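Colleague: Could you work out the structure for the sequence below:
(chains A and B)
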Amino acid sequence: KAGVTQTPRYLIKTRGQQVTLSCSPISGHRSVSWYQQTPGQGLQFLFEYFSETQRNKGNFPGRFSGRQFSNSRSEMNVSTLELGDSALYLCASSPGSQGETQYFGPGTRLLVL
Amino acid sequence: DAKTTQPNSMESNEEEPVHLPCNHSTISGTDYIHWYRQLPSQGPEYVIHGLTSNVNNRMASLAIAEDRKSSTLILHRATLRDAAVYYCILRRNFGNEKLTFGTGTRLTIIP
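Modeller: Below is the predicted model of the structure:
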């Protein structure tokens, strides 16, 4: 099976712009979670989608949003980018029955200038 | 989520066993102990998990204290490819898919 894929792998944006990141889960997986990783805050949970519905949300401002499509692919969007949004954004998928192993993609590295 | 405490860093010689400790004194009866690791420039990957009994898989072993307030991840014969940040995470098997990562232990393997 192919692993979790994320596109793009690298991205440079300027403050005030918006960005959309994409995640394709492992075939058959219905749950997709997003995480932000920064040197200062470490790995932090953003949100999780299951069957096109947001099932859980972390403590991030409303500028961070996401969605999931019927084929389980997911996108996350960050509007009005700030310098502090520079980070590695990781996507993880799992079959969806709660508590199962999470499989992570390689991440999208976002730099905000 | 219950908290875990790990040493910031550890070093080990190549081809020797490595014991990575984790304290979780506030663990509840329904918390599973999960370990993930993150190799340089990669996303985290699952290593092993357990509830009460010691567990073994092809990657590692997990030794869980009788009172479940601590656990140890054991790499039986470390290689250079095991150099990574290792995260000990408590997780309930219900509720949601969220993983709460701490700061982890950065393992350095000395050739």
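Colleague: For chain B, what lies in contact range of chain A?
Modeller: Chain B comes close to chain A at residues B:32, B:36, B:41-46, B:49, B:87, B:91-104, as judged by Cβ under 8 Å from any Cβ of the partner chain. Every residue, glycine included, has its C-beta placed from N, CA and C.
Colleague: Among the residues you listed, which lie within strands?
Modeller: Cross-referencing these against strands under DSSP state E gives B:32, B:36, B:45-46, B:49, B:87, B:91-92.
Colleague: orientation of the helix or strand harbouring B:Thr72 relative to strand B:45-50 in degrees?
Modeller: Here B:Thr72, judged by DSSP states H and E, is contained in strand B:70-75. Put simply, strand B:70-75 runs at 130 degrees to strand B:45-50, going by axes from the mean of the first three to the mean of the last three Cα atoms, to 10 degrees.
Colleague: what residue ranges in chain A score low on pLDDT?
Modeller: Applying pLDDT under 70 to chain A flags the ranges A:1, A:98.
Colleague: center of it - which residue?
Modeller: Computing the C-alpha centroid of chain A and ranking residues by Cα atoms, centre = their mean puts A:Trp34 first, at 3.3 Å.
Colleague: mind listing what that residue touches?
Modeller: Applying Cβ atoms under 8 Å, 6 or more residues apart in numbering or on different chains, one finds that A:Trp34 lies in contact with A:23, A:45-48, A:66, A:74, A:76, A:89-92.
Colleague: what does B:Gln6 give?
Modeller: Shown here is B:Gln6, whose contacts under the criterion Cβ under 8 Å, 6+ apart are B:20-23, B:86-88, B:102-105.
Colleague: make it 10 Å
Modeller: Residues near B:Gln6 by Cβ atoms under 10 Å, 6 or more residues apart in numbering or on different chains: B:20-24, B:73, B:85-88, B:102-106.
Colleague: what helices or strands is the strand holding B:Thr72 leaning on?
Modeller: strand B:18-23, strand B:31-38, strand B:45-50, strand B:61-64, strand B:84-92, strand B:105-110 (3 or more Cβ pairs under 10 Å, 6 or more residues apart in numbering or on different chains; DSSP states H and E).
Colleague: Need the buried ones from the contacts of B:Gln6 selected in PyMOL.
Modeller: Selection of buried members from these for PyMOL, criterion 16 or more other Cβ atoms under 10 Å in any protein chain shown:
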select buried, chain B and resi 20+22+23+24+73+85+86+87+88+102+104+105+106
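Colleague: now stretch B:55-66: how far from the chain's centre is it?
Modeller: Computed by Cα atoms, centre = their mean, to the nearest Å, the chain-centroid distance of stretch B:55-66 equals 9 Å.
Colleague: same deal with stretch B:88-108?
Modeller: 9 Å.
Colleague: Straight-line length of that stretch, end to end?
Modeller: This stretch, stretch B:88-108, spans 17 Å end to end (Cα to Cα, to the nearest Å).
Colleague: Give the buried residues for it.
Modeller: Under 16+ other Cβ under 10 Å, the buried positions of stretch B:88-108 are B:88-92, B:96-102, B:104-107.
Colleague: The helix or strand bottoming out on mean pLDDT in chain B pairs with which strands, and in what direction?
Modeller: When the helices and strands of chain B are compared on mean pLDDT, DSSP states H and E, strand B:84-92 comes out lowest with a mean of 92. Here strand B:84-92 is paired, per DSSP bridges, with strand B:31-38 (antiparallel), strand B:105-110 (antiparallel).
Colleague: can you give me the angle it makes with strand B:18-23?
Modeller: Using the same axes, to 10 degrees: strand B:84-92 against strand B:18-23 is 40 degrees.
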